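Visitor: whatever this is, show me its structure:
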Amino acid sequence: MANRAVQEIIEQQVLTVAKAVEDKLDEEIAALDRVDDDDPEVLRESRLQQMKKMAEKRSRWFSLGHGEYTEIPS
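Guide: Take a look at the predicted model:
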């Protein structure tokens with residue numbers, strides 16, 4: 001009984017995550033559809049903005065201590 005309930009919760013969570021990923025991909029596809037294929041400058045600028053946003057995230061993560069390794073004494 002409890003095993004079935006856990007399985008249902010896991011299934012619901014997987015569906016929720018899959019829906020979120022699908023929505024994100026749909027947004028990206030729609031954005032690409034709106035971009036004029038003959039204008040590489042627009043694509044370049046879009047990619048540059050994505051790279052800047054990711055660099056900011058990485059910087060914030062490192063400032064919060066993510067990505068640091070510390071040795072645990074035995």
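
Visitor: any idea which element Gln13 lies in?
Guide: helix 2-34 (DSSP states H and E).

Visitor: that helix: what's the following helix or strand?
Guide: helix 40-63.

Visitor: how far does that following helix sit from its chain's centre?
Guide: Helix 40-63 has its C-alpha centroid displaced from the chain centroid by 13 Å (CA atoms, centre = their mean, to the nearest Å).

Visitor: buried sites along it?
Guide: Neighbour counts over helix 40-63 (16 or more other CB atoms under 10 Å) mark no residue as buried. The way it works is simple: take the backbone N, C-alpha and C, and place the C-beta from them, glycine included.

Visitor: just checking, what packs against that helix?
Guide: Applying 3 or more CB pairs under 8 Å, 6 or more residues apart in numbering; DSSP states H and E, we find helix 40-63 packed against no helix or strand.

Visitor: how much does it deviate in direction from helix 2-34?
Guide: Between helix 40-63 and helix 2-34, the angle comes out at 140 degrees (axes from the mean of the first three to the mean of the last three CA atoms, to 10 degrees).

Visitor: show me the shaky parts of the chain.
Guide: 1, 35-38 (pLDDT under 70).

Visitor: farthest residue from the center of it?
Guide: Distance from the centre of the chain peaks at Ser74, with 36.0 Å (CA atoms, centre = their mean).

Visitor: if I look at it, how far off is Glu68?
Guide: 19 Å (CB to CB, to the nearest Å).

Visitor: go on, Gln50?
Guide: Distance from Gln50 to Glu68, by CB to CB: 25 Å.

Visitor: still on that earlier bit, and the residue farthest from the centre of the chain, what is it in contact with?
Guide: Not one residue lies near Ser74 by CB atoms under 8 Å, 6 or more residues apart in numbering.

Visitor: from Ser74, how far out is Gly67?
Guide: Distance from Gly67 to Ser74, counting by CB to CB: 23 Å.
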